[in-house]
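Undergrad: Build me a model:
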Amino acid sequence: MALRACGLIIFRRRLIPKVDNTAIEFLLLQASDGIHHWTPPKGHVEPGESDLETALRETQEEAGIEAGQLTIIEGFRRELSYVAREKPKIVIYWLAEVKDCHVEVRLSHEHQAYRWLELEDACQLAQFEEMKAALQEGHQFLCSRAT
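TA: Reported below is the predicted structural model:
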């Protein structure tokens, strides 16, 4: 049976002076172990927890961002399937916007660095094709909703 994890693709909209739009930046965390890969916050589902509760708890534990500091974006949910440490894994992601673009990120021991990145840079750091696709789909979803 596949390991199940859940997380949030966290983003902020940064106003660009003298330009009539916003830049979307994604939050990626660099793992402290293994290959030091970059991903959004995520973690394994605890017994009795819903998938979304897991995503919110893991975001608070790994990045120090609490549920009240986020807005979950309705209509976007992506399920990634891959092999991690020789075991099948499923990770479900939702999109979440920070309410304050200057929110403080407080890393747990599981991560050694974080970065806010525009789509192209986030995809370069993400390494894994499924994660890149999820970031691209999230960006496209957000841009399609812009008025």
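Undergrad: how about the helix ranked longest in the chain as PDB, C-alpha atoms only?
TA: Counting residues, the longest helix found in the chain (DSSP state H) is helix 129-145. Written as PDB, here are the backbone C-alpha positions of helix 129-145 (Å, rounded to 0.1, in the frame of the first residue of the first chain):
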ATOM      1  CA  GLU A 129       8.700  16.200 -12.900                       C
ATOM      2  CA  GLU A 130       5.400  15.700 -11.000                       C
ATOM      3  CA  MET A 131       6.200  18.500  -8.600                       C
ATOM      4  CA  LYS A 132       7.100  20.800 -11.500                       C
ATOM      5  CA  ALA A 133       3.800  19.900 -13.200                       C
ATOM      6  CA  ALA A 134       1.800  20.600 -10.000                       C
ATOM      7  CA  LEU A 135       3.400  24.100  -9.700                       C
ATOM      8  CA  GLN A 136       2.700  24.900 -13.300                       C
ATOM      9  CA  GLU A 137      -0.900  23.700 -13.000                       C
ATOM     10  CA  GLY A 138      -1.400  25.700  -9.800                       C
ATOM     11  CA  HIS A 139       0.100  28.800 -11.500                       C
ATOM     12  CA  GLN A 140      -2.200  28.300 -14.600                       C
ATOM     13  CA  PHE A 141      -5.200  27.800 -12.300                       C
ATOM     14  CA  LEU A 142      -4.500  31.100 -10.400                       C
ATOM     15  CA  CYS A 143      -3.900  33.100 -13.700                       C
ATOM     16  CA  SER A 144      -7.100  31.700 -15.200                       C
ATOM     17  CA  ARG A 145      -9.000  33.100 -12.200                       C
END
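Undergrad: For that helix, name the packing helices and strands.
TA: Helices and strands touching helix 129-145, as assessed by 3 or more Cβ pairs under 8 Å, 6 or more residues apart in numbering; DSSP states H and E, comprise strand 3-15, strand 22-31, strand 70-84, strand 87-98, helix 119-126. C-beta: built from backbone N, CA, C; applies to glycine.
Undergrad: okay, and for the chain, where does confidence drop off?
TA: Counting by pLDDT under 70, the chain has low-confidence residues at 15-22, 146-147.
Undergrad: So residue 63 is in contact with residue 113, correct?
TA: No - at 11.7 Å, residue 63 does not count as touching residue 113 under the criterion of Cβ atoms under 8 Å.
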